[in-house]
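**Q** compute the structure for the input listed below.
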Amino acid sequence: MLAAEIIGMGILAVADSSTAGALLASIGANHLGGRLAFIGMGLEHNLPALWLILIIIFYNSTYVLLTYSIFVLFSNRFRRFRFFRDQMRALINQAKKRRRFLRRWNRMAIFLFVWVPLPWTGAAIGSYIAHMEGFSPRETLATVLPAMWVGVASWTLWFDVLYRFVDRFGQNRSLLITGGLLAVPVVILVYELAGRKKRSNEGASSDSASRT
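**A** Below you'll find the predicted structure:
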């Protein structure tokens, strides 16, 4: 799948460089702001909703399969490093905050977690959580991938309608939405990292005070 993506992007770059540039910008937005940013950037570049759905599904499926495979193969080694343990603990805590109405991680909870297009609720994170909750690789992928596919299709169609509606009130008004989709996840990440660092410093200060 990765090879098909690379070959396809190469052919597209030769045949239609402007569309290839728009697609690369959308892929970059995906890694910066998540699925909604991918959708918004793609619609902003006038990519048809159906083609955008297929592109996002194929690209994100490849990304999830690659990252999940690496995670499963090396998770035991990664857990030896404090940074990795802290990052995964932070992801679990964020996930718990967003599923308070659910008592435990069952397949429906994982499905909803992945479907909701909020920061840190993507298919890759959902697969990591499912793995650490004891789901087998087959169960994890059978839950996470369909949830991502349904989410991509439903949110792309909804945002396509939204962008068409917003454009009625002025050309390029949808740029504000796209900018927000890119900026909000970054702001949230910076805020969480700053809060985590502050709590770590406070914990270190309290430990040193207790020793004295």
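**Q** can you give me the helices in this structure?
**A** Using DSSP state H, the helices of the chain run over 2-15, 17-33, 35-44, 49-78, 82-97, 107-115, 123-132, 137-167, 174-211.
**Q** average pLDDT across stretch 112-124?
**A** In this model, stretch 112-124 carries a mean pLDDT of 79.
**Q** any idea how far that stretch is from the chain center?
**A** When distances are taken as C-alpha atoms, centre = their mean, to the nearest Å, stretch 112-124 is centred 6 Å away from the chain's centroid.
**Q** just to revisit the earlier point, switch the helices of the chain over to a markdown table; also include mean neighbour count.
**A** The way it works is simple: take the backbone N, C-alpha and C, and place the C-beta from them, glycine included. Written out in a markdown table, the entries for the helices of the chain read as follows (neighbours: other C-beta atoms under 10 Å):
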| stretch | mean neighbour count |
| --- | --- |
| helix 2-15 | 12 |
| helix 17-33 | 17 |
| helix 35-44 | 25 |
| helix 49-78 | 16 |
| helix 82-97 | 13 |
| helix 107-115 | 20 |
| helix 123-132 | 23 |
| helix 137-167 | 18 |
| helix 174-211 | 12 |
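**Q** confidence-wise, which of those helices is weakest overall?
**A** Of all the helices of the chain, the segment with the smallest mean pLDDT is helix 82-97, scoring a mean of 62.
**Q** and the residue lying closest to F111 once chain neighbours are set aside, what is it in contact with?
**A** Closest residue to F111 apart from its sequence neighbours, by C-beta to C-beta, 6 or more residues apart in numbering: A147 at 4.3 Å. Applying C-beta atoms under 8 Å, 6 or more residues apart in numbering, one finds that A147 lies in contact with 110-115, 123, 126.
**Q** switch to 10 Å and redo it
**A** A147 makes contact with 107-108, 110-116, 122-123, 126, according to C-beta atoms under 10 Å, 6 or more residues apart in numbering.
**Q** can you check T62 too?
**A** The neighbours of T62, taking C-beta under 10 Å, 6+ apart as the test, are 1-5.
**Q** any idea how far A22 is from it?
**A** From T62 over to A22 the distance is 19 Å, taken as C-beta to C-beta, to the nearest Å.
**Q** who's in contact with L176?
**A** Each residue near L176 by C-beta under 10 Å, 6+ apart is listed here: V166.
**Q** hang on, the earlier thing: same list (the contacts of A147) but as CSV, adding distance to A153.
**A** As requested, the contacts of A147 are arranged in CSV below (distance: C-beta to C-beta, whole Å):
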residue, distance to A153
R107, 20
M108, 19
I110, 18
F111, 14
L112, 16
F113, 17
V114, 13
W115, 10
V116, 14
G122, 15
A123, 14
G126, 17
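**Q** which single one of the residues you listed is nearest to V190?
**A** Closest approach to V190 among the contacts of A147 (C-beta to C-beta): G122, at 18.4 Å.
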